[in-house]
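Participant: output the structure for:
(3 chains)
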Amino acid sequence: MTVTLTVNGADHALEVDPSTPLLYVLRDDLELNGAKYGCGLGQCGACTVHIDGKPAFSCLTPVGAVAGRRIRTVEGLGSAEAPGLLQQAFEKEQAAQCGYCIAGMIMRAQALLDRVPDPDEAQIRAHMQTNLCRCGTHMRILRAVRRAVAMRKGVQAAQEVRP
Amino acid sequence: MSPVLSPLSRRSFLTGGALVVSFALVPKAFAQLAGGGEGGTGPAVVAPDLKGSLKSTPWLDAWIRIEADGRVTVFTGKVELGQGIRTALTQVAAEELDIPPAAITLVTADTERTPDEGLTAGSHSMQDSGTAIQNAAANVRMLLAAEAARVWNLPADQVTTGGDARLRAPDGRTLPYGEVAARLSLHVQAVPDAPLRKPSDYRTLGQELPRVDIPAKLTGGAAYLHDMRLPGMLHARVVRGPSVGTGLQSPDIDAVARMPGVVKIVRQGRFLAVVAERQWTAIQAMRHLQRAAYERTASPLPADGTGDAVVATLKAMPARDIPIMDTSEPAGPAVHSVRARYTRPWISHGSIGPSCAIAQYMEGRMTVWTHSQGTFDVHRVVAELLGLPPEKVHAIHAEGAGCYGQNGADDAAADAAVIARAVPGRPIRLQWMREQEFGWEPLGPGMMTELEAALGADNRIVSWRHAVWSNPHNNRPVGAGGVLAGNEADPPFPVPEGKPIPMPEGDGSRNSNPLYSFANTHVVYHFLKDMPARVSALRSLGAHLNVFSIESMLDELAAGAGIDPLAIRLDHMRDERARDVMQAAADRFGWSKRPRGDGRSGCGMAFARYKNLGAYCAVALEVEVDRETGRTLVRRAVAAVDCGQPANPDGLRNQIEGGLVQSLSWTGREAVRFAADRRASFDWSSYPILRFDDVPGSIEVVVMDRPGVPFLGTAEAAQGPSAAALANAIADATGVRLRDMPLSPDRLKAALGPV
Amino acid sequence: MKRTRWAGRAMGRWAVAGALASLAGVGAFLGIAYRSDLPAVPTPKAADFPPELVSRGAALATIGDCIVCHTADGGVAYAGGRALATPFGTLYSTNITPDPEGGIGGWSKEAFKRAMRDGVSRDGRHLYPALPYDHYRRVHDGDLDAIYAFLMTRPTASAPAKANDLIFPLGFRPLLAGWKLLFLHQEEFTPRPDRDAEWNRGAYLAEGLGHCSGCHSPRNLAGAEETGDSAYSGGVAEGWVAPALNGSSPAAIPWMADSLFTYLRTGIDGRHGAAAGPMGPVVHGLSRAPEADVRAIATYIASLSADRPRAAPKTPSPPDRTAEAAKASPAGATLFAGACAGCHESGAPMMTQGRPGLSTVTALQLDRPDNAIRAILQGIHAPTGPAGPAMPPFAASLTDAQVADLAAYLRSRFSDRPAWTSLETAAATVRKEDSQP
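Facilitator: Numbering: from 1, shown residues only, chains lettered A, B, ... in the order given. Here you go, the predicted structure:
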């Protein structure tokens, strides 16, 4: 059947079994690499995307269930040429080793930043708890999220100063 | 050794792609080189006077090519595993060529393009490939300068470089590298004494160059093998029982063959796979086949549990005793001695991305893209498995998720090749499932040690005994019997018998020989060749438990005699660099003013030089223990590391931070569970690892500045010391000495009791 | 997360409050509301208590699971501050560490026992029955001594009490005297001579410290447990149905002592599903309690449903009607295939590893869909620690209508019982509760 998906603001009409997890449609049909297959069980967060602004496991989301809803992937935050705020912060902190979990980490963190203007360390750690990293890059990931919060405050402060 | 391998004209060297040197396809008839220090096969040594991997591949153009238009390509047989080696090697090459790093294209392991440097393992990449590229680049720069001197009719030592890929004459004239290179053949052997650039002149080495692979990883760029999409690519899944040593009894093949979208069911011997147009179809077909009952087809698994269960399993197996170290010196009588047993359970690599491979069989040639640590071994395995001549197999590395040793990568590559052969023409992408990675990958072996040590009246250690029991950690596949698809073939390729890695690298014995100067040291490796669980290399191999044991024992002795843990270490350490890292970690940590154990918080430290050959690393931790739950939080961690000349200090810090956190997870939380007929750890709920609320409050890494000192491998330096520092800090905080991993909340709570 | 053991049906809060107020008014007139304060004593020293007594207290406190309610998320153990949502407003648990100011450091043994039995604080204030003193009255004196010894040897934490947020007029504590007059009549446990020692031990622990019926029995409008035949006929906790444990147990496969023991110990039993919602913390405690005590509890609880017919069920094995369910709820079947099958379909790794099939899971056999919907929306936390059965939440990926389709499919595929109704409304209700701070 035809499923119409709205991904990073663009609409796509796809012929696909509606039970197919969104992850495989993003990767194989839309050729978006950001969401990763990590467990297929909703346990690791490598596949995290946003559905209507909330973080969700794309590996367990039937594509038919998200027709017409707003889907955002890490590609929607920016590109290597024009990285988004969190992507810049992760780059600055060199917050990756193998990096396989990182796109999911960024999407997870983005959901916090969208909801909480100035999260404290405990909030960040509690929020990131869902996602697994095996290389032990946790400290840098936390630093990157803190940096993104600070960068945003800096931008906001600069905007406030402007007449 | 002839200076020229094949009668290629000079012109052919200069036209880039035309140069397909035969070194990659030379049969590997000789015994292994270091091979990464973790087994595997490696190339033969042909130039013993050269440094690093130049010993086996002395030809400069195997490492570096410079096009007439100035483009520079550097080749390495090592691969990116998330350790940042692409960036570090680029920096090494840029420094010695004296060009901007951005001018370099780095090509990693590819059996038709790059040198064979054995495995990317054992923290060898900087020692092997970094050293080779450094010296090759110095050779090339020397040849370029000599050629330019000829052009200008100057003495060679008058020609200099300025970091911009141009050669300079004293009068200001310059020539671009490309133009000079066009006059030269780099198909010559390196000389051992090409002058290296002076550390004081370094422009790139030691700089914190941002990692070249990170931007794509942050933005959904094509960064991994998993992201490759070839035209006409099909999706495959292998179909197996729940874990190694099981088989499905009668999978419902007819039903699956009728499923729309299923292209092929590949069944050869006990090997079974489905191929479909779409990934989701392949998964559903696989699940349908896996409804079949399974049976255990192999010998019994280890006893479930940790501590005594590990000991029961290991001690029940026949051992071959390998003496590791025996010294005897006159020493005073023992006044205080300690005996202790330490254990580690089987541990999973736990890669976040399950293994993946792509293979294509076309016109009699097999191409395999793999994230294995041994691209050249994959080549050998696939050739034997499929009975193809070696020149008909091409293995290419593409990055995967972090592997931390031999995970399912090699097996998946072989699986993919078997499947691709059955579906000629079309590339097939094989993705292992999460539970297959947990169930079928080789585990890090369970281990135990028994130590007995004694202090004399002068607080000097007068005797030291260390016995370690372990399976081989080196079961890297070098032939078809080393991979699952080989074992499942008809007739099967048998699993090769396990062999120990000899010292000084060692496997289960790794780091069992203390770097400290103890009187009367006796170390023995009880090598256990029979493997109740499929095992192979897990980052740091035996060093994890051996360093844990040595460094725990030192604290046990120190506590009994009232000696400061730092003092007992310094008192027995003659190696100045070792003393320096311990002192550097202690200073940054504030060891002398640290808060003393008060029942709830405390501090611990530990040290090791990885393999006694690699990087030096000291770790100090401050922990807080919740006595009600046994939960231990690391408030802060400080590590100091000496790895010789740091190629990229931030990359080193990243490795040490990561190794420390990973070790806290292994040591504090992890154990593979076994049911009677299968592994019972199959997902993250049955094999939990450290999450964000359990990682340290802070980690600080001090990188020792060692300008121009040879590179030492770093990626596995932190695992052993971090493990021991955790046990030592818990002991300092609570008075309870935990000797069996994992040092879990439940274990600590049980040891603390309710009072 | 908010918790309570004192969560009657969320209905008619004002009516309840009014009724209580009038009842309690009578009580107040009778002058029973007044309770004297007991003098503060110097905080006893840890060394005052014999280690064996502390150990015994530790085991008993684990069965009572004191730590769950008396510890805030991420807070110091026993320092209180956890929000307890009740139909009557939000209560905050108190600090029960031996801190003289914020905790119970100044409490004598007598003051502690009065609180446990009569629900009266040392200073004479009435305590809300969120502290299940109606159960603790059954506990033997010596066991209260042990728990006192255990609590008094905990590390102190100086966390002051948080103010409760209750509907008017329940903030006025003397009203509680009326409640107690009506409902607080329990006596110390006496063993039944016709039962064996294990059963009696289980009954003592379950009825006393374990306070199982606090959730698994229905409550009246005043929030008191119903007794007699209604005891253990099922209740509600934090919006989750606490299934009946008596003869009306809806379990697809009857509970036996062995499977109950496995369930209480590990949070999962291959024939009944996983502990979810507020049962999670209960299992967390019992997984660490003395094994013999947990066996005893299992024996006792299993006996409650012993009168349930044990004959073979209507179908030889629990139902799994894939085709019929897909026909009845095709949308649900599609959702199941993409969202659930990876764990719950045969051939999935969880099934191969012996996790219970959905047809045995009690949540799908209950009259109300609440537990199934909550599990889908909120997921299930591994109850015994980081390892254990867990399920991810689907609140972000599935709409209420999709949750309803999925629940309908699950019910028709895995249960013989009548279809659930008003599923979308039920999903919306749960989602709304979750979105409240």
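Participant: residue ranges of each domain in chain A, please.
Facilitator: What automatic domain parsing lists as the domains of chain A is A:2-76, A:85-161.
Participant: chain C is nearest to which of those domains?
Facilitator: For chain C, the closest of the domains of chain A is domain A:2-76, at 2.8 Å, according to Cβ to the nearest Cβ. Backbone N, C-alpha and C define where each C-beta goes, glycine included.
Participant: what's the average pLDDT for the closest one?
Facilitator: Domain A:2-76 shows an average pLDDT of 97 in the prediction.
Participant: any idea which element the residue nearest the centre of chain A lies in?
Facilitator: Nearest to the geometric centre of chain A sits A:Met107, at 1.7 Å (Cα atoms, centre = their mean). Element membership for A:Met107, per DSSP states H and E: helix A:102-115.
Participant: does that helix reach chain C?
Facilitator: No. Contact of helix A:102-115 with chain C (Cβ under 8 Å from any Cβ of the partner chain) is absent, the minimum separation being 8.9 Å.
Participant: where do the strands sit along the chain?
Facilitator: This is for chain A. Per DSSP state E, chain A carries strands over the ranges A:2-7, A:10-15, A:48-51, A:54-57, A:70-72.
Participant: looking at chain C here, not the other one
Facilitator: C:83-86, C:89-92, C:165-166, C:235-237, C:240-242, C:268-269, C:273-274.
Participant: give me the residue from chain C nearest chain B.
Facilitator: Nearest residue of chain C to chain B: C:Ala58, at 3.2 Å (Cβ to the nearest Cβ).
Participant: returning to that earlier point: of the strands of chain A, which approaches B:Asp530 most closely?
Facilitator: strand A:54-57 (41.1 Å; Cβ to Cβ).
Participant: alpha carbons of that closest one, as CSV, please.
Facilitator: The C-alpha atoms that make up strand A:54-57 are tabulated as CSV, following Å, rounded to 0.1, in the frame of the first residue of the first chain:
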residue,chain,number,x,y,z
LYS,A,54,8.9,13.3,20.7
PRO,A,55,11.8,10.9,20.7
ALA,A,56,10.8,7.4,19.5
PHE,A,57,12.5,4.1,18.6
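Participant: report the buried residues of that strand.
Facilitator: For strand A:54-57, burial by neighbour count (16 or more other Cβ atoms under 10 Å in any protein chain shown) applies to A:55-57.
Participant: give me the distance between the residue in chain C sticking out farthest from the centre and C:Arg321.
Facilitator: Residue farthest from the centre of chain C, counting by Cα atoms, centre = their mean, is C:Lys327 at 37.5 Å. Between C:Lys327 and C:Arg321 the distance is 9 Å, computed by Cβ to Cβ, to the nearest Å.
Participant: next up, the contacts around C:Tyr148.
Facilitator: Residues near C:Tyr148 by Cβ atoms under 8 Å, 6 or more residues apart in numbering or on different chains: C:57, C:109, C:112-113.
Participant: let me redo that: C:Gly105
Facilitator: C:43, C:97-99, C:152, C:156.
Participant: likewise B:Leu743?
Facilitator: Shown in contact with B:Leu743 (Cβ under 8 Å, 6+ apart): B:632, B:667-668, B:726-727, B:730.
Participant: that one: which element?
Facilitator: Take DSSP H and E as the rule and B:Leu743 turns out to sit in neither a helix nor a strand.
Participant: hmm, stretch C:327-341 touching chain A?
Facilitator: Yes. Using Cβ under 8 Å from any Cβ, stretch C:327-341 reaches chain A at C:334-335, C:337-339.
Participant: return only those of those found close to chain B.
Facilitator: Within the residues of stretch C:327-341 next to chain A, those near chain B by Cβ under 8 Å from any Cβ are C:Ala337.
Participant: which stretches of the stretch 1-150 of chain C form helices?
Facilitator: Along the stretch 1-150 of chain C, the stretches classed as helices by DSSP state H, counting those that start in this stretch are C:13-29, C:51-64, C:66-69, C:109-118, C:133-136, C:141-152.
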